[in-house]
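Undergrad: build me a model:
(one chain, ligands or ions: 2)
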Amino acid sequence: MRTQVAIIGAGPAGLFLALLLREAGIDALVLERQTQDYVQGRVRAGVLEQVAVELMDRLGIGARMHREGLIHTGTNLAVDGEVFHINFAKLTGGQTIMVYGQSEVMKDLNDAIAARDVKVIYEATDVAPQALDTVDPFVTWCENGVAKRVDCDFVVGCDGYHGVARSCIPASILKTFERVYPFGWLGILADVPPCEEELIYANHERGFALASMRSPTRSRYYVQCALSEKIEEWPDDRIWDEICTRLGPEAAAKVTRGPSFEKSIAPLRSFVTEPMRWGHLFLAGDAAHIVPPTGAKGLNLAVSDVIFLSEALAEYYENGSQAALDNYSTRALARVWKAERFSWWFTGLTHRFPNTEPFDRKMQVAELEYIRSSRAAQATLAENYVGLPLRPN
Ligand code: APR
Ligand code: PHB
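TA: Numbering: from 1, shown residues only. Ligands and ions are numbered 1, 2, ... in the order given. The predicted structure follows:
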């Protein structure tokens, strides 16, 4: 078997890339370890930057998003129960964000993948990229117990944080930068109307809380918890009480409680690997970098990576130039690091850290009060939240 680009992983990075390559007339094969239902059903964040919305449109898969997604022109912050609003549109010359769950994005991607005959092999085990530092790389895997191989020009690791691709880069070349946060997010989904039209990020002395949503009838809430805590220790009533306390009385009065149908605890991590290319291997999305979810940058960074990479591959196949491929890692990392900074800053501003001294908490509150009262501070938050430009000046 032969293809031009072998993509490992059929998450958002892998599927967006496969569709972009199809658009450019480049042949690709996607290899995914899990089943399609498993990948599609994973509950992840639900905020799309303008860049992601535009990519959905450009690929011709944005119709349902425009019908069912919710355009938010701003967000709310809360400090010790007092909520205030930041208007992104006013501060950024009209930019907004789209609230549309990642599982919906995945459905739209998969529909297009099927309609456009892009090849995706699910339940591919033992996927192994090989000869990546030669001009004849190939990938082997196991399918229904049968050993398979595809020869290709390039391999792209879109296989997430736990993938195999990153580990193919020699340790002497790969640099990793990491911050592990000493807490997690307990998240729930419930079929109840959201408490507010736009999201609320709350800093409370008991810890962070986030009120988000998937639709006018489906809410997504998170509360910061200790990593040692177990789901069983968090019956719904306890979660709702904690959400209401941390959001404060004004928002709590608008919270509709109901049974949760999804409940999980996720750790928070900042992580970047450099470079994002080695020989004929490229990394994109969570395979190369993780952000803490505060600010919802994970999916959006995967989108900018694959836009950059597809442009570089198109240039290579059109005129044989390697220049853009050579520049991919530098270009992608420049945007990645800015989003890493924003997610790290927003996490630090809104969470309760163990061993926080009263001084640190005073600093958080002072900064939030500053944001509340300063157009300049709000503009900084807004331009990062809606997403920095793909082509900075
Ligand atoms: N072989 C084949 N597939 C693999 C392997 C492997 N060895 N290891 C991982 N995968 C698959 C996973 O099963 C998963 O479906 O790669 C995919 C990676 O998908 P994501 O983890 O979603 O990563 P990415 O596509 O980069 O998504 C970026 O979306 O899912 C969110 O949190 C994620 O916000 C981030 C963004
Ligand atoms: C979500 O809706 O899941 C969500 C929204 C915003 C975030 C993180 C998660 O910052």
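Undergrad: list the buried ones in stretch 47-57?
TA: V47, L48, E49, Q50, V51, A52, V53, L55, M56 (16 or more other C-beta atoms under 10 Å). Bear in mind the C-beta positions are built from the backbone N, C-alpha and C, glycine included.
Undergrad: convert stretch 324-332 to CSV, retaining C-alpha atoms only.
TA: What follows is stretch 324-332, C-alpha atoms only, in CSV (Å, rounded to 0.1, in the frame of the first residue of the first chain):
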residue,chain,number,x,y,z
ALA,A,324,7.3,25.8,4.4
LEU,A,325,7.8,22.3,5.8
ASP,A,326,11.1,23.4,7.3
ASN,A,327,9.4,26.3,8.9
TYR,A,328,6.3,24.4,10.2
SER,A,329,7.6,23.7,13.7
THR,A,330,8.7,27.3,14.2
ARG,A,331,5.5,28.7,12.9
ALA,A,332,3.2,26.4,14.8
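Undergrad: can you list contacts of it?
TA: By C-beta atoms under 8 Å, 6 or more residues apart in numbering, the residues outside stretch 324-332 that reach it are 274-277, 282, 284, 288, 304-305, 308-309, 311-313, 315-316.
Undergrad: what subset of those is buried?
TA: Judged by 16+ other C-beta under 10 Å, buried ones among these: 274-277, 282, 284, 288, 304-305, 308-309, 311-313, 315-316.
Undergrad: among those, which ones are in strands?
TA: Among the buried ones among the contacts of stretch 324-332, DSSP state E puts E274, R277, F282 in strands.
Undergrad: and the second one, how far from ligand 1?
TA: Pointing back at R277 there. Computed as C-beta to the nearest ligand atom, to the nearest Å, the R277 to ligand 1 distance reads 16 Å.
Undergrad: tell me, how many residues neighbour the residue nearest to that residue when sequence neighbours are not counted?
TA: Counting by C-beta to C-beta, 6 or more residues apart in numbering, S329 is the residue found nearest to R277 once chain neighbours are left out, at 4.5 Å. Here the number of neighbours of S329 (other C-beta atoms under 10 Å) works out to 21.
Undergrad: repeat that for T3.
TA: 19.
Undergrad: do D136 as well
TA: 10.
Undergrad: list the backbone torsions phi and psi for the closest residue to it other than its chain neighbours.
TA: Spatial nearest neighbour of D136, chain neighbours left out: D151 (6.7 Å); criterion: C-beta to C-beta, 6+ apart. Main-chain torsions, D151, degrees, to the nearest 10: phi -90, psi 150.
Undergrad: wait, D151 sits on R2?
TA: Yes - between D151 and R2 a contact is recorded at 4.9 Å, counting by C-beta atoms under 8 Å.
Undergrad: and the residue nearest to D136, what is it in contact with?
TA: D151 neighbours (C-beta under 8 Å, 6+ apart): M1, R2, T3, D136, P137, F138.
Undergrad: among the residues you listed, which one lies nearest to A128?
TA: Set against A128, the nearest of the contacts of D151 by C-beta to C-beta is F138 (9.2 Å).
Undergrad: that closest one pairs with what?
TA: Q130, D151 (DSSP bridges).
Undergrad: and the closest residue to T256 other than its chain neighbours, which of the three is it?
TA: In this structure, T256 finds its nearest non-sequential neighbour in V192, 4.1 Å apart by C-beta to C-beta, 6+ apart. Under DSSP: H, G, I helix; E, B strand; the rest coil, the three-state class of V192 is coil.
Undergrad: circling back: for the contacts of D151, which one is nearest P392?
TA: P137 (31.9 Å).
Undergrad: which one is the closest one nearest to, not counting chain neighbours?
TA: H280 (4.5 Å).
Undergrad: so which residue of the stretch 101-250 of the chain comes closest to ligand 1?
TA: Closest approach of the stretch 101-250 of the chain to ligand 1 (C-beta to the nearest ligand atom) occurs at G160, with a separation of 2.7 Å.
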